[in-house]
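**Q** build me a model from this:
(one chain, ligands or ions: 1)
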Amino acid sequence: MTGGAEPRLGPGAEFERILSLVRVLGARASGVGDDCALLDIGGEVLATSVDLSIENVHFRRDWLTLQEIGWRAVAGALSDLAAMGATPDGILTGIAVPGDTAPADIDECTRGIRALLEQTGGSVLGGDLSSGPVWTISVTVLGRVLRPVLRSGAAVGDTLWVTGSLGGSRAALESFIAGQDPPPPSRERFARPLPRLAAGAWLAKHGAHAMIDLSDGLAGDIRHLAAASSVAARVDLARLPLHPGVLSMAEQVGEDPAAFAAQGGEDYELLVALPHDFPAPLVERFESETGVPITRIGQIEAGEGVELSLAGHPLTIAGYDHFR
Ligand SMILES: [Mg+2]
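**A** Presented below is the predicted three-dimensional model:
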C-alpha cells in the first residue's frame, strides 16, 4: 500500500481505535490497513505482520494444552501471510509468562510452535522472553511473495469465494463456554488451525484480485475487503460451507447455522475475490492441487457496504470486535 493515505477499514470500535492511532502517527504511519505490511526488497516483496495472543483474551489455559496455545498463536499470525499469497521464511516470537512458570511449560508451548512450523515451513529466527502478568505470545511473521494480493483489489463483477468451511472454531468455543467438551472435529479446528498458505499462494499466482483471512468472522472481515476496495459485497449465506458440528451447536444456542458460522471467528479460511471470468476448470485445479475446497458465496457490486442475505431476507450481523 502507499504511504500517507488513511486506511479504509470496515466499521467497529477496534478499527476506530486503529484509525485514531494512525492519525496520531500522521506522516510516521505508512501502508497500515492490510493483512501484512509490504516492503519491496527487489524482485520480490517482503510481507510481515504481528499478532498477539493473550491469556484469557485469546485463549484459556483450562481449555487448551500449552502445545495448542503455541500452535494457535503462530497459526493466527501465519494466516496473514496466507492472505497476501506469501510463503513464510520465519517468525519472531515475543513471549511473556508469569514469573513462577516452570521452564518445562515454556518448552511445552515451544513444542507446539515447532509442530506447526513443521507443517507450514519457516523457522523461529529470534525473539524475546520476559515475565509478565499472564501468558502473552506476540508473533511476527516474515514471508515473501512475487505479487501480493491486497484487500483493496476487488472490482465490480468479481465473484466472492471462501476456502474450506466456516464455524468450526466457534462451535468449539460455544461448547467450552457451556462447560462441555467440544466434539473432536470442532476442538481440532479451534485448537490447531492450519493457515491456508498453499491455497493463498496458489490464488495469488492465478490472478486473485483481493484476499483477506477470516480471523474475526466472515460477517466482519468481509466489510474490510469491501471498504478497502471501495465496492459493495453481496453474500448469500445459504451458500456458506459449514464445518461439521455447526448444525448441532447452532441449534443449541438458537441461531441459524449459516449466521452462526458467519459470526464465528478464528476459522483462518480465506475470503477471495476472483475475476468474473475465472474459469471453472481452474477452480477444479485449485481444489486438486491444494486439497482445499473452495465455494462461491457471493459477488462484488458497485456501491459500498455489505449485504448478507439468507433465503432472500437481508441479515444484520457483525464479526468479533475486541472493543465492542
Ligand atoms: Mg488478517
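**Q** counting by contacts, list what the one helix or strand A261 maps to packs against.
**A** Using DSSP states H and E, A261 sits within helix 257-262. Using 3 or more Cβ pairs under 8 Å, 6 or more residues apart in numbering; DSSP states H and E, the elements in contact with helix 257-262 are helix 168-177, helix 218-229, helix 246-253, strand 305-310. For every residue, glycine as well, the C-beta is placed using N, CA and C.
**Q** okay, now L274: neighbour count?
**A** By the measure other Cβ atoms under 10 Å, the count of residues near L274 is 25.
**Q** about what we covered before: in TSV: the helices and strands packed on helix 257-262, plus mean pLDDT and distance to A27.
**A** As requested, these are arranged in TSV below (pLDDT from 0 to 100; distance: least, Cβ to Cβ, whole Å):
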stretch	mean pLDDT	distance to A27
helix 168-177	96	39
helix 218-229	96	21
helix 246-253	96	46
strand 305-310	94	30
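**Q** between those, which one is closest to the ion.
**A** Among the helices and strands packed on helix 257-262, helix 218-229 comes nearest to the ion, with 7.4 Å by Cβ to the ion.
**Q** and the strands in the stretch 101-250 of the chain, which stretches?
**A** Taking DSSP state E, counting those that start in this stretch to define them, one finds strands in the stretch 101-250 of the chain at 123-131, 136-145, 159-163, 210-213, 232-236.
**Q** the inter-axis angle of the second one versus strand 123-131?
**A** Looking back up the chat, that one is strand 136-145. Angular relation of strand 136-145 and strand 123-131 on a 0 to 180 degree scale: 160 degrees, by axes from the mean of the first three to the mean of the last three Cα atoms, to 10 degrees.
**Q** still on that earlier bit, give me whichever of the strands of the stretch 101-250 of the chain is most buried.
**A** Highest mean neighbour count among those (mean count of other Cβ atoms under 10 Å): strand 210-213, with a mean of 27.
**Q** get me the contact residues on the chain for the ion.
**A** Contact residues (Cβ under 5 Å from the ion) of the chain with the ion: D35, D80, D213.
**Q** run the last query once more with 8 Å
**A** Counting by Cβ under 8 Å from the ion, the chain comes close to the ion at D35, S49, S79, D80, A83, I212, D213, S215, D221.
**Q** if we can go back for a sec, now render the strands of the stretch 101-250 of the chain as TSV, adding mean pLDDT.
**A** TSV is the format used below for the strands of the stretch 101-250 of the chain (pLDDT from 0 to 100):
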stretch	mean pLDDT
strand 123-131	97
strand 136-145	98
strand 159-163	98
strand 210-213	98
strand 232-236	97
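**Q** list the residues that contact the closest residue to the ion within the stretch 101-250 of the chain.
**A** Of all residues in the stretch 101-250 of the chain, D213 sits closest to the ion, with a separation of 4.3 Å (Cβ to the ion). By Cβ atoms under 8 Å, 6 or more residues apart in numbering, the contact set of D213 is 35, 79-80, 82-83, 195-196, 200, 221, 268-271.
**Q** pull out the buried members of the residues you listed.
**A** 35, 79-80, 82-83, 195-196, 200, 221, 268-271 (16 or more other Cβ atoms under 10 Å).
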